[in-house]
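[1] build me a model from this:
(2 chains)
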Amino acid sequence: AQSVTQPDIHITVSEGASLELRCNYSYGATPYLFWYVQSPGQGLQLLLKYLSGDTLVQGIKGFEAEFKRSQSSFNLRKPSVHWSDAAEYFCAVGSRYALNFGKGTSLLVTP
Amino acid sequence: EAGVVQSPRYKIIEKKQPVAFWCNPISGHNTLYWYLQNLGQGPELLIRYENEEAVDDSQLPKDRFSAERLKGVDSTLKIQPAELGDSAVYLCASSLAAGLALNEQFFGPGTRLTVL
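    Next up is the predicted model:
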């Protein structure tokens, strides 16, 4: 069965600092991997996805993620965080049709 | 272009009452999903429609939950009767087609249900 673990429930980062959100997955084959962001009162928005090929994936809003098969990880990074990045971030693993989400990491950005 | 529309945005009911949620997907999107998001959790798929056919409803608690997408466009999710544990956010999403690799899922803002 496929599953996703996001080890950090909450993360606090100062504005302008770098960010890394962790995601570990369990899946028998090469997975499809996704990162979504959910702002209060908003729907989930896709930041980026990994399907195959280049293991470093670029997304929207300056985010990137790196797929590391040996570590079963797909960590999300941003070099400089903006206050507007404060939100809930979800990692998801997918098979052909179904998405399985992690429990999310809540990002707080301080001045 | 309008996104996925859900209504109501908030609903408060007493236990044992019925409740219904409505979703209008993005125009032209054939695949529609209903997800349940409990507090502090990620979304969990309840049901997936391809056009008007429910192709994956394995996670839908069929004793009290039902869903329909009669004309292959908008959809309704119903709970009857509601229980305290049903308090959650109900998310609707849509995509052009079903395959994850090529078809991004677009999510609505959700309906927050509180059962008293």
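[2] the residue of chain A found nearest chain B - how many residues pack around it?
    Nearest residue of chain A to chain B: A:Phe101, at 2.9 Å (Cβ to the nearest Cβ). Bear in mind the C-beta positions are built from the backbone N, C-alpha and C, glycine included. For A:Phe101, the neighbour count with other Cβ atoms under 10 Å in any protein chain shown is 23.
[3] for A:Cys23, what are its contacts?
    Contacts for A:Cys23 (Cβ atoms under 8 Å, 6 or more residues apart in numbering or on different chains) come out as A:Val4, A:Thr5, A:Gln6, A:Leu33, A:Trp35, A:Ser73, A:Phe74, A:Asn75, A:Leu76, A:Cys91, A:Gly102.
[4] for chain B, which segments are assigned as helices?
    Using DSSP state H, no helices are assigned anywhere in chain B.
[5] which residues of it lie near chain A?
    B:3-4, B:40-45, B:48, B:56, B:91, B:93, B:98-101, B:104-110 (Cβ under 8 Å from any Cβ of the partner chain).
[6] try 7 Å this time
    Listed as neighbours of chain A in chain B under the rule Cβ under 7 Å from any Cβ of the partner chain: B:3-4, B:40-43, B:45, B:48, B:98-101, B:104, B:107-110.
[7] using neighbour counts, trim those residues to the buried set.
    Neighbour counting over these (16 or more other Cβ atoms under 10 Å in any protein chain shown) leaves B:Gly3, B:Val4, B:Gly42, B:Pro43, B:Leu45, B:Arg48, B:Ala98, B:Leu100, B:Phe107, B:Gly108, B:Pro109, B:Gly110 as the buried ones.
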